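Trainee: Here is the input, now give the coordinates:
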Amino acid sequence: MSAYLDHAATTPVLPEAAAVLVEHLSHPGNPSSLHASGRAARRVVEESRERLAAALGARPSEVLLTGGGTEADNLAVKGLYWARTAQDPARRRVLVSAVEHHAVLDPAFWLAEHAGAEIVLLPVDAEGRVRLDALAAELDAHATETALVSVMWANNEVGTVQPAADVVALAHAHGVPVHADAVQAVGQVPVDFAASGLDALTVSGHKVGGPGGIGALLARRELALVPVQHGGGQERGVRSGSLDVPAIAAFAVAVERAVADREATAARVGALRDDLVTRVRAAVPDAVLRGPADPADRLPANAHFTFPGCEGDSLLYLLDSAGVECSTGSACQAGVPQPSHVLLAMGVDEADARGALRFSLGRPSTTADVDALLAALPAAVQRARAAGLAGRRTAGVR
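Mentor: Next up, the predicted model:
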């Protein structure tokens, strides 16, 4: 029996999205061309843009199509920073939560190294929730020096849903724009761009049953953004590059379906997640569930544990050899021999943080997947602990 429990890294393409993708792969036409094939391609793009906007509570003109979530995050962070500093050179502070995905953190630190930005990492509590008091204090003291705030809608590792509305209220009271990476949130919790009050929001295709290499930045029409890449000036003049018509069409279908089915899928997957949590705790009593204690404050598909005395990588490989696929955290950081920055920001000590595993469910997940995990987990933990103990003895660590 095998199980795929890494849907937060990527999830299978929905059959209807795959069908649309294949259909449009055989159609010629660049949507920037003026002939009939080009106009047909442009029609597909604009109809898809309208579908994305309707599903996400945005206007079509606010949907900027990108090559994925990472590009959208870069455009938001860098584009907003450069636009704001061009208007007022004093606005060099960039406020980001300490648990952001590296697609936000790395552009922010790049700006610090190359563009004179001052990065402020907003602390989080033990459940991974951004501390609003710290944000308020920063804004009260430095609002006129702040370019932007970026706080993700929901954390990709421990599943914590952030208080987006409160973040927006605090920042907007000082005239500071807010971006949120909502890559993990769409299809799991309600996401409505207009209602959120956000100035920019990132979504990605392959997290919701669409293809990889496609995403979008929702950005208010009045929001000034400086392009990160230059060329033909497609997408409101701030994102150049020929548009991938088949991927865009499939992306729209996947987002539309994920949003339409969200309530039913979240209820089913959330119940499955709760069963997984209960059974893991019973099988490995000292395993520690990280993130919010209240399931309502966590993404329904997420269960994140640390296993004392284990290395997460060892556990991952042992489970993988038993046919169970999961993650130690963000797939973008897989293979990096460092404890999760998310867990460290939450106050987890380094030794415990190294023993992390994330189990993430998706639309195809079933009880059989949980059964497969529990059939393999106790022996994997025992072997990982034995290997860790032997390694410490060899190193002379008591």
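
Trainee: ok, now which ones touch Gln184?
Mentor: Gln184 makes contacts with 8, 152-156, 159, 207, 299, as judged by C-beta atoms under 8 Å, 6 or more residues apart in numbering. Just so you know, the C-beta spots here come from the backbone N, C-alpha and C atoms, and that holds for glycine as well.

Trainee: hmm, I was thinking of Tyr81
Mentor: With contact set as C-beta under 8 Å, 6+ apart, Tyr81 has these partners: 94, 111, 115, 117, 147-148.

Trainee: Pick out whichever of these sits closest to Leu132.
Mentor: When those are compared for distance to Leu132 (C-beta to C-beta), Leu148 wins out at 17.0 Å.

Trainee: So for stretch 92-104, mean pLDDT?
Mentor: Taken as a whole, stretch 92-104 carries a mean pLDDT of 98.

Trainee: swap that for stretch 347-358, please
Mentor: Stretch 347-358 shows a mean pLDDT of 96.

Trainee: Endpoint to endpoint, that stretch covers what distance?
Mentor: Between the opening and closing residues of stretch 347-358 there is a gap of 18 Å (C-alpha to C-alpha, to the nearest Å).

Trainee: Looking at the contacts of Gln184, which one is closest to Ala55?
Mentor: When those are compared for distance to Ala55 (C-beta to C-beta), Lys207 comes out closest, at 14.1 Å.

Trainee: element containing the closest residue to Ala252 other than its chain neighbours, please.
Mentor: With C-beta to C-beta, 6 or more residues apart in numbering as the criterion, Ala252 has its nearest non-adjacent residue at 3.7 Å, and that residue is Ser48. Using DSSP states H and E, Ser48 maps to helix 36-56.

Trainee: Could you pull out the buried residues of that helix?
Mentor: Residues 40-42, 44-45, 48-49, 51-53, 55-56 are the ones in helix 36-56 that count as buried (16 or more other C-beta atoms under 10 Å).

Trainee: Nearest to Val203 among those residues?
Mentor: Top of the list for closeness to Val203, among the buried residues of helix 36-56 and by C-beta to C-beta, is Leu56 at 6.8 Å.

Trainee: Give me the pLDDT for the closest residue to Lys207 other than its chain neighbours.
Mentor: Nearest residue to Lys207 in three dimensions, chain neighbours excluded: Val183, at 5.4 Å (C-beta to C-beta, 6+ apart). Val183 carries a pLDDT score of 98 in this model.

Trainee: so who does Val183 touch?
Mentor: Applying C-beta under 8 Å, 6+ apart, one finds that Val183 lies in contact with 69, 101, 156, 202-204, 207, 215.
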